[in-house]
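Visitor: take this sequence and fold it.
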Amino acid sequence: QVQFVESGGGLVQPGGSLTLSCAPSGGSFRLNTWGWFRQAPGKEREFVGQILTSASSTAYADSVKGRFTISRDNAKNTMYLLMNSLRPEDTGVYYCAVRIFDEYKYWGQGTQVTVSS
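Guide: As a prediction, the model looks like this:
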């Protein structure tokens, strides 16, 4: 069973930074788009951003644009989410997944990010 594994979450103060990592437990998916999502307590899961296979093209939700940066290392088969200027509203469980045709699949268990003083 293929699954993506997220790591790097934790507690950080407002204005701080955190870097999340994501890698598949099986398979490479190097030709696919990978994406980051998050889910705040009591809310629906929302799109954060994505990176194309070439790693040269990214897209972000307006709420994180200019603060978050997605990158990927195809040699390590790993995607990263660098989060700067964190806000309390960035709190939630962060997930990654791979885009297969028009659907994101192989969701991981997520990693908790809490932004609080």
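
Visitor: tell me where the model's unsure across the chain.
Guide: The model of the chain has pLDDT under 70 over residues 54-55.

Visitor: now the strands for it?
Guide: Under the criterion DSSP state E, strands of the chain are mapped to 4-7, 10-12, 18-24, 34-39, 46-51, 58-60, 68-73, 78-83, 92-100, 103-105, 111-115.

Visitor: now these in JSON lines, with mean neighbour count?
Guide: C-beta: built from backbone N, CA, C; applies to glycine. Putting the strands of the chain into JSON lines (neighbours: other Cβ atoms under 10 Å) gives the following:
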{"stretch": "strand 4-7", "mean neighbour count": "19"}
{"stretch": "strand 10-12", "mean neighbour count": "14"}
{"stretch": "strand 18-24", "mean neighbour count": "20"}
{"stretch": "strand 34-39", "mean neighbour count": "21"}
{"stretch": "strand 46-51", "mean neighbour count": "19"}
{"stretch": "strand 58-60", "mean neighbour count": "16"}
{"stretch": "strand 68-73", "mean neighbour count": "18"}
{"stretch": "strand 78-83", "mean neighbour count": "20"}
{"stretch": "strand 92-100", "mean neighbour count": "21"}
{"stretch": "strand 103-105", "mean neighbour count": "14"}
{"stretch": "strand 111-115", "mean neighbour count": "18"}
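
Visitor: tell me which residues touch residue 63, please.
Guide: Residues in contact with residue 63, defined by Cβ atoms under 8 Å, 6 or more residues apart in numbering, are residue 89.

Visitor: ok, 10 Å please
Guide: 38, 46-48, 87, 89-90 (Cβ atoms under 10 Å, 6 or more residues apart in numbering).

Visitor: could I get those as a markdown table with distance to residue 68?
Guide: Shown next, in a markdown table, are these (distance: Cβ to Cβ, whole Å):
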| residue | distance to residue 68 |
| --- | --- |
| 38 | 10 |
| 46 | 13 |
| 47 | 12 |
| 48 | 7 |
| 87 | 11 |
| 89 | 13 |
| 90 | 9 |
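
Visitor: show me what contacts the residue sitting nearest the centre point of the chain?
Guide: Centroid-nearest residue in the chain, with Cα atoms, centre = their mean: residue 36, separated by 3.0 Å. With contact set as Cβ under 10 Å, 6+ apart, residue 36 has these partners: 6, 20, 22, 47-51, 60-61, 64, 68, 70, 79-81, 83, 94-97.
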